[in-house]
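In: need a structure here:
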Amino acid sequence: MSADGDEGVRADGSGGGGSEASAPAAHDHAHTSRPPSDSEDVPADGRSLRRVRNRAKVVDAYLDMVASGHRGPSIEELANYSGVSLRSIYRYFGSTTELLEAAVDRGYEIVSPMLAIPGLGEGPLDERIERLVDNRIELHRRVSEFTEAARATHSAEPPVIELYATIRSLIGRQISAHFAPELAGLDHDDRKAKVTSIYFAFMHDSMSMLFSVFRDDPDRVRALLVDHVQRHLAPPPEAWSSDDPGDPGDLDDPDDGG
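Out: Numbers count the residues shown, from 1 in each chain. All right, here's what the predicted structure looks like:
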């Protein structure tokens, strides 16, 4: 449903528990009974193909309706929107939880290719940073509206919470792999802090705030994100050595002859 969560990301790429945001649970359209199966005179293979096709239509209809702001569309609404009969929907999905789980799986199937960073871990640091930033800006542009709708209606549902955790883990692993040379020399806590700080910059809320503040200047948003990542990955300044000719101590050396 969403391309991020709000928990920290562990240095090994795994995500913490919890949902992305506190939101009311989706309406529970529980059904105590199911209509009898259709007695369609269709060969078994044709029936199976129709089941797969119609089941996908219902799931896509569910995602479309959520993206349009429907708070837990009812089975009747799904039937009208998808063109699949009520009886068939009851037969394809044993419960509303099963329907939501199918919608979550489909949502992840749609989003996961967008999460892929081109040339993961390849090239100089500046190029890697720019590829990450450009990828996340495009991802936000494509899924922002759906994310807003989904989190407002479903973020407290267990299947969605599990999806958030899966995406957090994926993003953490991506960041760790993409910037492996820069993170390699750090201890566990420092690596975890840097991965999490970079991750937070690309969360839905962070990106939305940036584009809201700088709505007429997308280049500024890009520059800010690039700068944020650069600051977290830049090597620390080398400590000054007493043997370094630039050491300020040399200025006060009594043997300097000055």
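In: now for the helix or strand hosting residue 212, which elements pack on it?
Out: In this assignment (DSSP states H and E), residue 212 forms part of helix 204-213. When contacts are defined as 3 or more Cβ pairs under 8 Å, 6 or more residues apart in numbering; DSSP states H and E, helix 204-213 sits against helix 125-154, helix 218-233. For every residue, glycine as well, the C-beta is placed using N, CA and C.
In: can you pull the contacts of residue 110?
Out: Taking Cβ atoms under 8 Å, 6 or more residues apart in numbering, we find residue 110 in contact with residue 63.
In: Show me how far the helix or strand harbouring it is from its chain's centre.
Out: Element membership for residue 110 (DSSP H and E) is helix 96-115. Offset of helix 96-115 from its chain centre (Cα atoms, centre = their mean, to the nearest Å): 12 Å.
In: buried stuff in stretch 204-222?
Out: By neighbour count with 16 or more other Cβ atoms under 10 Å, stretch 204-222 contains the buried residues 204, 206-207, 210-211, 221-222.
In: got it, and stretch 112-132?
Out: Buried residues in stretch 112-132 (16+ other Cβ under 10 Å): 115, 117, 128-132.
In: quick one, phi psi at residue 119?
Out: For residue 119, the backbone dihedrals (degrees, to the nearest 10) come out as phi 60, psi 50.
In: Next, work out how far apart it and residue 134 are.
Out: 11 Å (Cβ to Cβ, to the nearest Å).
In: and this protein, what are its domains?
Out: 44-94, 117-233 (automatic domain parsing).
In: and those domains as JSON lines, adding distance to residue 105?
Out: As requested, these are arranged in JSON lines below (distance: least, Cβ to Cβ, whole Å):
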{"stretch": "domain 44-94", "distance to residue 105": "8"}
{"stretch": "domain 117-233", "distance to residue 105": "8"}
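In: Test my guess that residue 103 contacts residue 65.
Out: No: counting by Cβ atoms under 8 Å, residue 103 sits too far from residue 65 to count as a contact (9.9 Å).
In: Which one of those two is surrounded by more residues?
Out: Neighbours were counted for residue 103 and for residue 65 using other Cβ atoms under 10 Å; residue 103 has more, 25 against 21.
In: how about the helix holding residue 110: buried residues?
Out: Those would be 96, 99-104, 107-108, 111, 115, for helix 96-115 by 16+ other Cβ under 10 Å.
In: repeat for stretch 73-80
Out: In stretch 73-80, counting by 16+ other Cβ under 10 Å, buried: 73, 75, 78-79.
In: Next, the residues that contact that stretch from outside, please.
Out: By Cβ under 8 Å, 6+ apart, stretch 73-80 touches 27, 29, 31, 58, 61-62, 65-66, 70, 81, 84-86, 89-90, 96.
In: Of these, which is the nearest to residue 229?
Out: residue 66 (31.8 Å; Cβ to Cβ).
In: give me the element the closest one is part of.
Out: In this structure, residue 66 is located in helix 44-67 according to DSSP H and E.
In: cool, and residue 117?
Out: Here residue 117 is assigned to no helix or strand, by DSSP H and E.
In: doesn't residue 132 make contact with it?
Out: Yes: Residue 117 lies in contact with residue 132 (Cβ under 8 Å); the separation is 5.7 Å.
In: Identify the contacts common to these two.
Out: Common neighbours of residue 117 and residue 132 (Cβ under 8 Å, 6+ apart) are residue 178.
In: quick revisit: now do the helix holding residue 212 against helix 125-154, angle only.
Out: With axes from the mean of the first three to the mean of the last three Cα atoms, to 10 degrees as the basis, helix 204-213 and helix 125-154 are set at 100 degrees to each other.
In: and the gap between residue 73 and residue 81?
Out: Counting by Cβ to Cβ, the gap from residue 73 to residue 81 is 7 Å.
In: what's the overlap in contacts for those two?
Out: Common contact partners of residue 73 and residue 81 (Cβ under 8 Å, 6+ apart): 61, 65.
In: This completes my enquiry, with thanks.
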